[in-house]
Structures are given as structure tokens and as C-alpha cells.
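Asker: How does the following fold in three dimensions:
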Amino acid sequence: MSILAIDTSNETLGVAIFDEHTNSTLIEYKENGKAKHSKRLMPAIDHLMKTVGLLPQDLTKIVVAKGPGSYTGVRIGLSTAKMMGWTLNIPVIGVSSLEALAFNGSNQSLKICPFFDARRGLVYTGLYETDQTGQMKLVKEEQNVLFADWLSQLKEEAEPIMFLSPDLDIHKEMIKEVLKEHAILPFEHFHKPSPALLAMIGKDRSVENIHQLTPNYLRLVEAEANWLAKQKEQNNE
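Answerer: This is a model prediction of the structure:
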């Protein structure tokens, strides 16, 4: 009963293998590098499988981060997971990349704000908290929003909020300025998504139809948005 977890939705490439019998992580791999995820993912999976002595047919489930994040990265991870799932005839579970990051702070009795920079002052984000059963609960819906507007909303919560993001340095000063003493900014290792946690999140999730598992972009890719705007303009002529 071995689960393969894949996260290529942002800069960090993450792969892990989780053993459901022992309820423990067999091996985890995380890498930040300039090489593209498309070149690194399959070699990383192959290396981890060989290291723990597993064959592809030993896998019973694949859990993948389905976004939001890098459009290309999300597509690479999801297409690889679906291809392997289809070939091996095993279920593929998609988990929000934001939820997976939020789990880095799941042992804290705080509301948690994971976010990824989306450029032009925008972020992908949501607000989570851990309920009494230890499950992560979404308090404010995931969205693509101007970070200044989002922080104004969070200020109204009037309570401490932990911010988790690999892009924290870009927005750190604004967070401190708006939320002041309510801004909780933990140490660096909290801000990197963990494929091991991704596996734990997805191991008990309901199985989805593999053909209906789609990326969670939270917004249209720029080319599609431009095309729709052009079509609207032409229709109004």
C-alpha cells in the first residue's frame, strides 16, 4: 500500500513515497533548481522508487498538487500523475496546492494564510484553520486577488494569522504594515510545500474520475483571457 505524491505546482519540485501500512513516509525529495520540472520529475520518481525498492506496480495511489501555481508546473505534475494512474490502473487524487502548504502550520492553533505570488500585485491565496479533529478547514475561499485587498479583509479578522509562502519576502513588509502584531511569520522551513504532507492529506480522500481531474488555476491563463477579450470586442463592433 504505497502512495506516490507529486508536487510541481511551484518552484519547488517535490516527490514522496508514503507507506499506508506503517502510516509513515518512506522517502521524500525536494529540490529548487533552474532545470525545468519536465526534465527533473520522472528521474526523481525513478530514483525514489529504486531507493526504497519499489516497482511501479507496487503503487496503490497517486496524490498530486493540482494548483494553483505555475501554469506549466501544474500541468506537468497533473499530466504525469494521470498518465501513471491510467497506465497502472490506480486512483489519482488531486489536492489544492494552497491546502498542502497550509498543512505546514496545522499544529498551530491559528488561522493560516498560504499564498503564492501571481505577479502584478496579485496572489493565489485562501484562509484555513485546523478544526477539532485535526482536519484543515477552509475559512475563506481560495482566490486570485490583489494582495492589498486581501490583507484588508484579513485585518478585519482581528486575530493572529500565520502567513506561509515561498514568496514571503516579496510581500513581507506589506503584511507587517497592515496586520502589525497579528502577522505571524514563521521560520523559513515552514514556507516550502512538503510532498510527504501532500501524501498524508490525500491518502483518505475520495477517489475522483481520472478524466475529470483538472488543474485548479483560479484564473484564466493570459493567452485565453486575451482571446476572450478580443472575441468580446469583436462581438461589440
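Asker: switch to C-alpha atoms for all contacts and neighbour counts from now on
Answerer: Fine.
Asker: Name all residues that make contact with residue 99.
Answerer: Contacts of residue 99 were listed using Cα atoms under 8 Å, 6 or more residues apart in numbering, and they are 114, 128, 136.
Asker: any idea which of these has the most stuff around it?
Answerer: Using other Cα atoms under 10 Å as the neighbour test, the contacts of residue 99 are led by residue 114, with 28 neighbours.
Asker: State the distance from that one to residue 189.
Answerer: For residue 114, the distance to residue 189 (Cα to Cα, to the nearest Å) stands at 14 Å.
Asker: for the contacts of residue 99, which one is nearest residue 178?
Answerer: Of all the contacts of residue 99, residue 114 has the smallest distance to residue 178: 16.6 Å, by Cα to Cα.
Asker: Once you drop chain neighbours, what's closest to the closest one?
Answerer: The shortest distance from residue 114 to any non-neighbouring residue, by Cα to Cα, 6 or more residues apart in numbering, is to residue 164 (4.6 Å).
Asker: Assumed residue 25 was part of a strand.
Answerer: Yes. According to DSSP: H, G, I helix; E, B strand; the rest coil, residue 25 belongs to a strand.
Asker: So it sits against residue 196, correct?
Answerer: Yes. Using Cα atoms under 8 Å, residue 25 is in contact with residue 196, at 6.3 Å.
Asker: overlap in contacts of the two?
Answerer: 16, 17, 18.
Asker: where does the chain have low pLDDT?
Answerer: For the chain, applying pLDDT under 70 flags the ranges 34-35, 220-237.
Asker: okay, which residue is most central for it?
Answerer: Nearest to the geometric centre of the chain sits residue 97, at 1.3 Å (Cα atoms, centre = their mean).
Asker: any idea how far residue 60 is from residue 172?
Answerer: In this view, residue 60 and residue 172 are 41 Å apart by Cα to Cα.
Asker: Comparing the two, which residue is more hemmed in?
Answerer: Using other Cα under 10 Å as the criterion, residue 60 and residue 172 rank with residue 60 on top: 18 against 14.
Asker: Show the subsequent helix or strand relative to the helix or strand where the more buried one lies.
Answerer: Per DSSP states H and E, residue 60 falls inside strand 59-65. Per DSSP H and E, the first helix or strand lying C-terminal to strand 59-65 is helix 71-88.
Asker: which neighbours does the very next helix or strand once past that next one have in its sheet, and in what orientation?
Answerer: Sequence-wise, the next helix or strand downstream of helix 71-88 (DSSP H and E) is strand 92-95. Here strand 92-95 has these sheet partners by DSSP bridges: strand 59-65 (parallel).
Asker: next one: the biggest strand by length in the chain to chain centre, how far?
Answerer: Determined from DSSP state E, the single longest strand within the chain is strand 136-146. Mean C-alpha position of strand 136-146 versus that of the full chain (Cα atoms, centre = their mean, to the nearest Å) differs by 13 Å.
Asker: Show residues contacting that strand.
Answerer: The contact list for strand 136-146, computed with Cα under 8 Å, 6+ apart, reads 99, 102-103, 106, 118, 121-131, 218-219.
Asker: Put the alpha carbons of that strand into PDB.
Answerer: What follows is strand 136-146, C-alpha atoms only, in PDB (Å, rounded to 0.1, in the frame of the first residue of the first chain):
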ATOM      1  CA  MET A 136      -7.700  21.600   7.700                       C
ATOM      2  CA  LYS A 137     -10.900  23.600   7.100                       C
ATOM      3  CA  LEU A 138     -11.200  26.400   4.500                       C
ATOM      4  CA  VAL A 139     -12.400  29.600   6.200                       C
ATOM      5  CA  LYS A 140     -12.200  32.000   3.200                       C
ATOM      6  CA  GLU A 141     -12.400  30.600  -0.300                       C
ATOM      7  CA  GLU A 142      -9.300  30.300  -2.400                       C
ATOM      8  CA  GLN A 143      -9.000  33.100  -4.900                       C
ATOM      9  CA  ASN A 144      -6.700  35.100  -7.100                       C
ATOM     10  CA  VAL A 145      -6.800  38.600  -5.600                       C
ATOM     11  CA  LEU A 146      -4.900  41.800  -5.200                       C
END
